[in-house]
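# what follows is a protein structure lacking sequence information:
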């Protein structure tokens, strides 16, 4: 019917008219004169044999055929833009996009990134956090970090660390705690994202039916750890998240008991990209520090 290559230039102009809402505004966006825009539209109508616009007072409006073409064309141009972006990413693969939970980012990943940048300063890293576990999908990310037992058949899986729950608090509060039962007399800090934390630990030390009457619930474990450091109560957390805080004395473990579960934390990516650069570099570095 029509050769697409001959239509590309006027189609681009017609799309600009649709997006901007008028010939003059399209001319400004395209850096041409209104007359040039009108000429391109007339050429497109002539080549297609279809009226696309009509006069409406001093303005123009799209005909039914024009609306159909404009909406379909807009979607096609957006898809072409996405393909161009994808090609640029493939040709210049020096950016990594990660999607993780807030506490993992704040308490584990970000504090270690200095080591990665020391040897790979040419790679840009973009870290997005999600507030819901169900939002941890690869989509347009290179990596995600999930909590589970490591069985995701459609993804490449690297084990980072096991789940080990421990209670932590401020040094001052720790002086009053000598046995697991003492925790039931103080204020316990709960994460909305891991509500099973305290029940898991209490059950693991033989206090499965016991409950504290003083509880504070916060959005995530990172906030619980901050509150614990400020003396608000005792937080339950992963040992991996508090190594730096324990080493600095900001937090302490008031009791030696720890409870290990069958779960762990895993780095996931597309199997087809796992051994391509720079994903392989990041995977190898992350596993070396994990």
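Done, it's in. Values in this document were obtained by computation on a predicted structure and should not be read as measured data. Residues are numbered from 1 along each chain as shown.
# tell me the helix or strand right after the longest helix along the chain.
Determined from DSSP state H, the single longest helix within the chain is helix 64-91. From helix 64-91 onward toward the C-terminus, using DSSP states H and E, the following helix or strand is strand 95-100.
# what is that next one packed up against?
strand 124-129, strand 143-148 (3 or more Cβ pairs under 8 Å, 6 or more residues apart in numbering; DSSP states H and E). For glycine as for every other residue, the C-beta is placed from the backbone atoms N, C-alpha and C.
# could these be laid out in a markdown table, adding mean neighbour count?
Converted to a markdown table, those look like this (neighbours: other Cβ atoms under 10 Å):
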| stretch | mean neighbour count |
| --- | --- |
| strand 124-129 | 14 |
| strand 143-148 | 20 |
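# could I get the ones you listed as a markdown table with distance to residue 289 and mean pLDDT?
Shown next, in a markdown table, are those (distance: least, Cβ to Cβ, whole Å; pLDDT from 0 to 100):
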| stretch | distance to residue 289 | mean pLDDT |
| --- | --- | --- |
| strand 124-129 | 14 | 93 |
| strand 143-148 | 14 | 96 |
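# would CSV of those strands with distance to residue 266 be doable?
Shown next, in CSV, are these (distance: least, Cβ to Cβ, whole Å):
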stretch, distance to residue 266
strand 124-129, 17
strand 143-148, 6
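# the ones you listed: which one's closest to residue 136?
Between residue 136 and those, the shortest separation by Cβ to Cβ is 4.9 Å, and it involves strand 143-148.
# list the helices and strands that closest one packs on?
For strand 143-148, the packing partners by 3+ Cβ pairs under 8 Å, 6+ apart come out as strand 95-100, strand 259-269.
# if we can go back for a sec, what's the closest of the helices and strands packed on strand 95-100 to residue 176?
So among those, strand 143-148 is nearest, using Cβ to Cβ, at 31.7 Å.
# show the pLDDT at residue 260.
pLDDT for residue 260: 97.
# touching, it and residue 162? I think so.
Yes. With contact defined as Cβ atoms under 8 Å, residue 260 counts as touching residue 162 (6.3 Å).
# ok, back up a step: of all the helices and strands packed on strand 95-100, which lies closest to residue 70?
That would be strand 124-129 among the helices and strands packed on strand 95-100, by Cβ to Cβ, at 33.3 Å.
# what's in contact with the closest one?
94-102, 105, 109-110, 113, 116, 141, 282 (Cβ atoms under 8 Å, 6 or more residues apart in numbering).
# list buried residues within those residues.
Neighbour-count burial (16 or more other Cβ atoms under 10 Å) is assigned, among those, to 96, 97, 98, 99, 100, 101, 102, 105, 109, 116, 141, 282.
# hey, what's the third one bridged with?
What it means is residue 98. Taking DSSP bridges as the rule, residue 98 bridges to residue 127, residue 143.
# what's the distance between it and residue 121?
17 Å (Cβ to Cβ, to the nearest Å).
# pull out the buried residues from stretch 55-65.
Buried residues in stretch 55-65 (16+ other Cβ under 10 Å): 60, 62.
# pLDDT weak spots in the chain?
Scanning the chain for pLDDT under 70 picks out 1-3, 88-93.
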